Structure formats: structure tokens, C-alpha cells
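[1] Requesting a structural model of the entry that follows:
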Amino acid sequence: MVEIDPTEHDISELGPKVNDIEDVDELEAMLELEGEGEDRVPVKTLIESRIETLTEDTGDGDEDVDVTELSTADAANLIRDIDDPERLEELRDAEEAAEERDTVLRLIEQQLDSVLGSEQAEIEIEPPEEAHPHLDHPTADKEYVHSVEDGEYRDMWVYCETQGGELVDVSKELLGKARELMDGYNETYDEDENVVAVVIGSDIEGIAEEAIAYGADVAIYYDDSELERFRHQPYTKIYCDMARRAGHPYVREDRHEEEWRDYDEPRYVVFPATNNGRDLSALVQAELDSGLASDCSDLYIDDVVISNPAKTGGEGGKKRFERVLHMPRPDFSGFEYSTILCLDSPRREFHPQGASVIPGKFEIPDPDYEREGELIDHDLELDDDWLPVEVEEYDQLESGVDLTDHEVVVCVGRGIGRDPTRGIELGLELTDAFEDAAFGLTRGIITSSFQFEGHVESYTGEDRQIGESGQEVEPDLYIAAGVSGAIQHKVGCDESDTIVAINTDPDADIRDWSDYFIHGDLFEVLPNLINALETGDAAEAIVDAGVPATGGETDD
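    Numbers count the residues shown, from 1 in each chain. Down below sits the predicted model:
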């Protein structure tokens, strides 16, 4: 019985899980399960890549490997596990004599620096003014941003976003995950640290109480009628003022002592990777002079050993960093994951360790309204300079913004490039042919240089984007026309009941995870589907034109 059944997860969830498995037999069993189930090529590739990595690690086989015959990804896996400087130099010489790929050479040099750094007694780090004399504003002389030296850090802070006077689902997800993480943290490190919910807005004391029901030990909130809608500067200023205790070297002079905490700044901070959450997380972490991993798909806390001399100072070779928040996020390929670590260096401390998390990655916990916690009404006077614009009236668009809760979603991608305006028009016509449907776009349309004519341009805004950095939809039917199927888009529609893909490329990635694949030109297929809907033969037309993504010949 395998511990992880791959058929129960999508690839965005499997990436970090597979990379944590050390048992080849377990991976082989997972591969067999996937083959008997959905048989998804990206998932099998991911598992096979991990098996190959572990198999290489079990022996001395790297001595016979020719780095020039490996892909860049496979070369990276080989290089990072080699601790012999002579072997690394051999690989460098071989690469220079052959393809001389800059990426591979850089990886070899970085590994060499890491290995050789462990043999150094000490390295000398130049002050930024000396290292970069051409800069007008050296990084050590920042006017508004300062790190804490020998700071005290505790707790995990969760920014709880609200909309329409309610706690949004992703905030509930993060509270539940934070509760899980800090319970494990306290047990592992014999500590008693808290989950702290941060709520900013208008008439939100009740929401702060709700945050405690979802897992927070403390809910610190700031309530002001001016903050009914998200505003960048006041929200950033308030959050950072909350994060810095009285006595912090860069806090306002009138800040009073707080009984509920006695540390300088949070140990960890997490934000939802929504439009507002992305903005606020970057602003807050910049103000607190730390790092941020954006659009994460998972979080966990563990110790890590680092040999990079930039982090160790070259003293004693490898250094163990404790209580590190690991922040996995998908790479652009979709087959690999990078785990981001926010580590201190010999010259400064990088806290809080911060992440923004993609909505829908964690389960929403069941609220416990009997749960006890502490409510903190934050004391701070709003500065008029933070509110230079007075919002007299606003409205939320009802059309073209919310793509969720529809029976059908039609999405077009860069395949409309032959005639962008006509491509959008066909997508809209197909959408209108259904009783309850919405029209969406891939990020490729948003970032393209396509020129759209007439009213069509009003349907090409970022608010219609579907994918990892856009909206996530779960319709009964999802029709993707001219969509290649990158993992970032898959995240936004993978929970759809039935996915129909239309593409001129029979090997497009989307074929591997769609239910029906129509090999054809969307400019020919969409009019046929529209006509079939009008005659009542749409379902039959889709089945006749498409094949299951898991096999068979494509039909034209």
C-alpha cells in the first residue's frame, strides 16, 4: 500500500510530495498506480525523474556520466550532489569544451564555490559602499527600510483578507495551515508560539473573532471606516506598525508596550496570493527588510544544512539553520519545484520569513466558535498623508470579472493569433450559446501584443485570466480553444468536471489532462460547435470530434 496515491492529486500538489520521497520502491508503486489510473504523462515524468535522481545518488555512477549529454535539468540534479572539487572541475572542463551552456557552467561554479567555501576559515565581505561604489544609494544606507540586528522573533502571522465584510476562503485555509504548522513546531522545538491573525478594515471586530474560531490564538485588528476597501499605503503602514514591538529600533516613539508579546517581529508571515495579498505581502516584506516567496503551493517547517559561504561566512564549512519555513513553488516547466528558503547571512538577519500562498492549496478547517483566543485592538492614528485620495463612490463589475459558479467556461489562448479579433468573437459567440457560461483567457493573451478591434478589446482584460495567477474555476464543462496547457493554466481549471481541448498541435500538453481532445483549428471547430448547440447536437459533436486524452488517434 503506497503512502501517496498519485491518482488522488494533481501535479501541482504532487511536485513537493514526490521530491520528499527517498524510497525507490514506493515511487515505482506510485508509477504503477498512475499507469493503471489516469496515466498522465506529466505525472509519470515527475515520478520517473525522481526515481532517476535517487538511482544516481545510490552509487558512484556519476564518475561515468557525461554532463554534455544531459539536459540542463538532469545536469543540475547531478551537479548539486557532487562534493568533490576535482570532479566538478572535470565537469566544467567538459562543458566548456562542448556546448558551453551558460546555465550549466554557472551551476558548476556555484557548487564549486559552495564546496571550496567549506575549506575556508573565513571570508571577507566588502561593505556595499566599497563593493559597488557606482551606486548612488548603497543597500546598507536605506532611508526607510532597516533590518533588526540580534532580533527576537516568535509566532506565525497570517494576513486575513476580507471582501464584502466577510473572511475570504483563502484566509480560512491559511489559518488552518498555520495552526497545523505551529502545533507541530511547538512539539518539535518544545516552544509555545502562537498563530496571530491580522485583520485590517472597517467594522471587522467580528471577523477577528471568526479568525480565532479558524485557528488563531491571537487576532490583532485595526478598524477604521476609511479602510473599508484595500488601500496600499495605510494597510502597509498599519501592518508593519503591528509587527514591530515597542522598543524596536525603527518603531514610532509613542508606541506603547504590549502584554501579549515581547518580541521584535514575527518569525513567519503568510499572505493569500490574491491581487491584494500579493501587493501587501511585497510591500510589508520590503518595509521589514526581509524576503518573500510568492505564489507558494505548500509550506512546512524544518531544519536545513547549508554550505554556501555567503550564508555561513566560511566559518566551519556547513552551517545548520533551525526552524526554517520551507516554501515550495512551481517552476515555469511545471515538472520541477523550487523550495525557497529565507536564511540569515553573516551580515544581517532576514526575518520575518514570508510567503504568499495560492488559494485553494489547503483545506478549509471546521470553525470552532467555542475556541478561546485574545483580541487586540491596535492603537494607531491614521496619517492624512496615507490617504491622499478620497474615494467617494465605487462599484464592482458584475460582468467579466467573476468567472466562478458557472456551468460552462469557455477559454481561448494564444491559438487565436492568426486573427485575434475573430478568435475572441468566436469565443464569445460560443459562450453566448450556453444558458449559463462565462468567457475567460489564458495569461498568454493578457501579455501578448495582439491588436483587438472594436468592442472585442473590452473582453481581453486581466480580470478574465484563468490560471495560477488568475481565477480558479470548477464548471461542469470547460472548453479550452487554442490553449497549450501549461501547468500554470492547469491549476486554474483542473477541478472542472469535463475538459474539452481544441488545438492544432496533437502533442500539446493540454491533451494529457483534458477529457476530450479535438485536433483542429479553432477557427473551424468553434463555428461547428456553435451550430451544434443551436441544433441541439453539441454533446454528440464533441464526442464525435474528440478522443479521450489518455490514448487513441486524434480526429481532425
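
[2] State the pLDDT value of the residue nearest to residue 37 when sequence neighbours are not counted.
    Leaving aside its chain neighbours, residue 37 sits nearest to residue 7 (3.8 Å; criterion: CB to CB, 6 or more residues apart in numbering). Every C-beta, even on glycine, is put in place using the N, C-alpha and C of the backbone. pLDDT, residue 7: 83.

[3] List the first helix or strand encountered after whichever strand in the chain runs longest toward the C-terminus.
    For the chain, the longest strand by residue count, based on DSSP state E, is strand 319-330. Following strand 319-330 in sequence order, the next helix or strand is strand 337-340 (DSSP states H and E).

[4] how about the CA coordinates for that next one, as PDB?
    Extracted in PDB, the C-alpha atoms of strand 337-340 (Å, rounded to 0.1, in the frame of the first residue of the first chain):
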ATOM      1  CA  TYR A 337       9.500  22.700  -7.800                       C
ATOM      2  CA  SER A 338      11.800  25.200  -6.200                       C
ATOM      3  CA  THR A 339      11.800  25.300  -2.400                       C
ATOM      4  CA  ILE A 340      12.500  28.900  -1.300                       C
END
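
[5] Tell me which helix or strand comes right after that strand.
    Following strand 337-340 in sequence, per DSSP H and E, is strand 353-357.

[6] Walk me through which strands the helix or strand following that following strand pairs with, and which way each runs.
    As assigned by DSSP H and E, the chain's next helix or strand after strand 353-357 is strand 374-377. Its sheet considered, strand 374-377 pairs with strand 218-223 (parallel) by DSSP bridges.

[7] what about the strand it pairs with, average pLDDT?
    Taken as a whole, strand 218-223 has an average pLDDT of 96.

[8] cool, and stretch 520-534?
    Computed over stretch 520-534, the average pLDDT equals 91.

[9] can you pull out the strands in the stretch 151-300 of the chain?
    153-159, 162-163, 166-167, 195-201, 218-223, 265-272, 292-296, 300-306 (DSSP state E, counting those that start in this stretch).

[10] Output those strands in JSON lines, with mean neighbour count and distance to residue 17 appended to each entry.
    Supplementary listing: the strands of the stretch 151-300 of the chain in JSON lines, determined by neighbours: other CB atoms under 10 Å; distance: least, CB to CB, whole Å:
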{"stretch": "strand 153-159", "mean neighbour count": "24", "distance to residue 17": "22"}
{"stretch": "strand 162-163", "mean neighbour count": "18", "distance to residue 17": "31"}
{"stretch": "strand 166-167", "mean neighbour count": "17", "distance to residue 17": "28"}
{"stretch": "strand 195-201", "mean neighbour count": "27", "distance to residue 17": "24"}
{"stretch": "strand 218-223", "mean neighbour count": "23", "distance to residue 17": "31"}
{"stretch": "strand 265-272", "mean neighbour count": "27", "distance to residue 17": "20"}
{"stretch": "strand 292-296", "mean neighbour count": "22", "distance to residue 17": "14"}
{"stretch": "strand 300-306", "mean neighbour count": "14", "distance to residue 17": "11"}
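
[11] Could you dump the ones you listed into TSV and include distance to residue 286?
    Listed next are these as TSV, based on distance: least, CB to CB, whole Å:
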stretch	distance to residue 286
strand 153-159	15
strand 162-163	23
strand 166-167	26
strand 195-201	17
strand 218-223	20
strand 265-272	12
strand 292-296	8
strand 300-306	23
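
[12] worst average pLDDT in these?
    Among the strands of the stretch 151-300 of the chain, strand 300-306 carries the lowest mean pLDDT, a mean of 87.

[13] That strand pairs with which strands?
    strand 319-330 (antiparallel).

[14] contacts for the strand it pairs with?
    Residues from elsewhere that reach strand 319-330 (CB atoms under 8 Å, 6 or more residues apart in numbering): 12, 15-16, 185, 189, 267-268, 293-307, 311-312, 336-344, 353, 355, 468, 487-488.

[15] Might one say that residue 219 is in contact with residue 200?
    No - counting by CB atoms under 8 Å, residue 219 stays clear of residue 200, with 11.4 Å between them.

[16] my guess is residue 383 meets residue 237, correct?
    Yes - contact criterion CB under 8 Å: residue 383 and residue 237 qualify, at 7.3 Å.

[17] of those two, who's got more company?
    residue 237 (19 against 10; other CB atoms under 10 Å).

[18] In terms of pLDDT, where does the residue nearest to that one when sequence neighbours are not counted sit?
    Excluding its sequence neighbours, the residue lying closest to residue 237 (CB to CB, 6+ apart) is residue 386, at 5.8 Å. As predicted, residue 386 sits at a pLDDT of 90.

[19] can you check residue 390 too?
    79.

[20] Next, count neighbours for it.
    Residues near residue 390, counting by other CB under 10 Å: 6.

[21] Would you mind measuring from the closest residue to residue 373 other than its chain neighbours to residue 525?
    Using CB to CB, 6+ apart and skipping residues adjacent in sequence, the residue nearest residue 373 is residue 212, 3.4 Å away. In this view, residue 212 and residue 525 are 53 Å apart by CB to CB, to the nearest Å.

[22] How about residue 41?
    For residue 41, the distance to residue 525 - CB to CB - is 23 Å.

[23] When those two are compared, which one has more neighbours?
    A count of neighbours by other CB under 10 Å puts residue 525 above the other of residue 41 and residue 525, at 26 against 16.

[24] wait, the more buried one sits on residue 518?
    Yes - using CB under 8 Å, residue 525 is in contact with residue 518, at 5.7 Å.

[25] any idea how far stretch 442-460 is from the chain center?
    25 Å (CA atoms, centre = their mean, to the nearest Å).

[26] Give me the contacts around it.
    Contacts of stretch 442-460 (CB under 8 Å, 6+ apart): 400, 411-414, 416-417, 420-421, 424-425, 428, 439, 441, 461-462, 465-467, 469-470, 483-484, 488-489.

[27] mean confidence for that stretch?
    The average of the pLDDT scores along stretch 442-460 is 87.

[28] Pull out the buried residues from it.
    442-446, 448, 450, 452, 456, 459-460 (16 or more other CB atoms under 10 Å).

[29] Tell me which two in the residues you listed are the farthest apart.
    Using CB to CB, the two most remote members of those are 443 and 456, lying 18.2 Å apart.

[30] Which residue ranges of the stretch 451-556 of the chain form strands?
    Under DSSP E, counting those that start in this stretch, the stretch 451-556 of the chain gives strands at 477-481, 498-503, 516-519.

[31] by contact count, what packs against the second one?
    Secondary-structure packing of strand 498-503 (3 or more CB pairs under 8 Å, 6 or more residues apart in numbering; DSSP states H and E): strand 477-481, strand 516-519, helix 522-535.
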